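J.: Here's my sequence, what's the structure:
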Amino acid sequence: MELYQKGAETLAKVKHMRFPLENGTEKKKLKCEIYRDSMQNYKKYAIPPAQLIIADVPYNVGTNFYGSNPSWYVGGDNKNGESKLAGKAAFNSDFNFNLYEYFHFCSKMLKKDDTKPLSRGRSSNSPCMIVFCSFEQLPVLIEAAKKHGFVNYIPLVFVKNYSPQVLKANMRVVGATEYALVLYRDRLPKFRNGVQVNENGKNIRGTGKMIFNWFTWEKDGKDIPKIHPAQKPVAVLKKLIEIFTDSGDVVIDPCCGSGSTLRAAHELGRSAYGFEIDRNFYNRAKNEMLVFEKDGQMGFEDFPEIMPV
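T.: Next comes the predicted model:
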């Protein structure tokens, strides 16, 4: 009897700790899934609609991916001759990526626009997508997006304090920026800049900050594995996810490569789903990037005194 009472008390603690309440509802269990499949097959996975889709589409640089990069030569020195990367593409999708299939996927998997009336100075809960791209791709992406209903955009620029184009440093101005587009339908997307709201639902003056359309490109530390040649830093992705989503929202990356987008979303308390067709990138993302520590929530296994003998 004593063991039963002790077990009942402990079970009550487990229930309280395992399912914390948010706004009177049970907290949803977050998901982080990567599929070795094409985004075209999304229907068979029953993925919920996303608040945000982030993708780093192929830049179509083909066999010039390592151009102006020391990797073109053995040991980074042209005296050693060309390396095995000289004249090679970084990945096969750089030749056969279908931009219109990508936008079709986004038109189906992004949530519908929020139609609720908005209070003055407040953003909607409408979704958006962020597409990393080369400078030359910007007009192409804007036109392709319009054909799928994404008629509005915000250009983003990311500034680096370094350049991989070291072989051209004494010949010309070198590139030290990355580009992206925030694409959305009719209503401005959900926007979180830290503004606080009072009991009347009005913005509190002095809270929130202005978000510029340029960001500092922060390199990841050694705790983040380097998997993909075009891998985007988790630190940069977290900034974007925090601006355009809330905790518990869904983030999708249909070309997830290293899985850094999924890791960033998961660590911020968002559910994350991604597709990757390359076997090597998929395996490394799953086994290196998307390995998380136990979340700290307690289950029955944490209380052996109430487990059956």
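J.: who's in contact with the most centrally placed residue in the chain?
T.: With distances taken as C-alpha atoms, centre = their mean, the residue of the chain nearest its centroid is T261 (3.0 Å). Contact partners of T261, counting by C-beta atoms under 8 Å, 6 or more residues apart in numbering, are I54, K232, L237, V251, D253, A272, G274. (Glycine included, C-beta is placed from N, CA and C.)
J.: repeat that for 10 Å
T.: Residues in contact with T261, defined by C-beta atoms under 10 Å, 6 or more residues apart in numbering, are 52-56, 130, 231-232, 234, 237-238, 240-241, 251-255, 272-274, 289.
J.: Likewise for R205?
T.: By C-beta under 10 Å, 6+ apart, the contact set of R205 is V195, Q196, N198.
J.: Would you tell me what helix or strand the first one is located in?
T.: Meaning V195. Using DSSP states H and E, V195 sits within no helix or strand.
J.: Got phi/psi on it?
T.: V195 adopts backbone torsions of phi -70, psi 140, taken as degrees, to the nearest 10.
J.: so the residue nearest to it when sequence neighbours are not counted, which of the three states?
T.: Leaving out its chain neighbours, the residue that sits closest to V195 by C-beta to C-beta, 6 or more residues apart in numbering is G208, at 3.1 Å. The three-state label given to G208 by DSSP: H, G, I helix; E, B strand; the rest coil is coil.
J.: and G208, how many residues sit next to it?
T.: If you count neighbours by other C-beta atoms under 10 Å, G208 ends up with 16.
J.: show me the residues around it that make contact.
T.: G208 is in contact with G121, F191, R192, N193, G194, V195, Q196, V197, counting by C-beta under 10 Å, 6+ apart.
J.: swap the cut-off to 8 Å and go again
T.: Counting by C-beta under 8 Å, 6+ apart, G208 makes contact with N193, G194, V195, Q196.
J.: can you pull the contacts of E288?
T.: The contact partners of E288, by C-beta under 8 Å, 6+ apart, come to P225, I227.
J.: ah, wrong one, I meant Y35
T.: Y45, Y273, G274, F275, E276.
J.: hang on, the second one in a helix?
T.: No. With three-state DSSP as the criterion, Y273 is strand rather than part of a helix.
J.: what's the distance between the residue nearest to the centre of the chain and F132?
T.: From T261 across to F132, the span is 10 Å (C-beta to C-beta, to the nearest Å).
J.: Quick check: neighbours shared by the two?
T.: Residues touching both T261 and F132 by C-beta under 8 Å, 6+ apart: I54, K232.
J.: mind checking the end-to-end distance for stretch 41-57?
T.: 18 Å (C-alpha to C-alpha, to the nearest Å).
J.: M129 touches Q51, doesn't it?
T.: No. If you go by C-beta atoms under 8 Å, M129 and Q51 don't touch, sitting 10.2 Å apart.
J.: and for the two, which residues touch both?
T.: With C-beta under 8 Å, 6+ apart as the test, M129 and Q51 both reach L110.
J.: between these two, who's got more neighbours?
T.: Taking neighbours as other C-beta under 10 Å, M129 and Q51 compare with M129 leading, 28 against 24.
J.: doesn't that one fall inside a strand?
T.: Yes. Counting by three-state DSSP, M129 falls inside a strand.
J.: Now it: closest residue in space, sequence neighbours ignored.
T.: The shortest distance from M129 to any non-neighbouring residue, by C-beta to C-beta, 6+ apart, is to I53 (4.1 Å).
J.: Of all the residues in stretch 134-141, which ones are buried?
T.: Residues of stretch 134-141 classed as buried: S134, Q137, L138, L141 (neighbour count, 16 or more other C-beta atoms under 10 Å).
J.: residues near D186, how many?
T.: 12.
J.: Equivalent analysis for N170, please.
T.: 7.
J.: Can you tell me the element it falls in?
T.: Using DSSP H and E, N170 sits in no helix or strand.
J.: follow-up on the earlier one: does the residue nearest to M129 fall in a helix, a strand, or a coil region?
T.: Assignment for I53 (three-state DSSP): strand.
J.: What is the neighbour count of it?
T.: Neighbour tally, I53, other C-beta under 10 Å: 25.
J.: That one and V250 touch, don't they?
T.: No. Assessed by C-beta under 8 Å, I53 is found out of contact with V250, at 9.4 Å.
J.: Can you get me the start-to-end distance on stretch 40-53?
T.: End-to-end distance for stretch 40-53, by C-alpha to C-alpha: 15 Å.
J.: my bad, stretch 219-229
T.: One end of stretch 219-229 sits 14 Å from the other (C-alpha to C-alpha).
J.: Buried residues of that stretch, list them for me.
T.: Buried residues in stretch 219-229, counted by 16+ other C-beta under 10 Å: D220, I224, P225, I227, H228.
J.: got it, and stretch 265-277?
T.: Buried residues in stretch 265-277 (16+ other C-beta under 10 Å): A265, H266, L268, R270, S271, A272, Y273, G274, F275, E276, I277.
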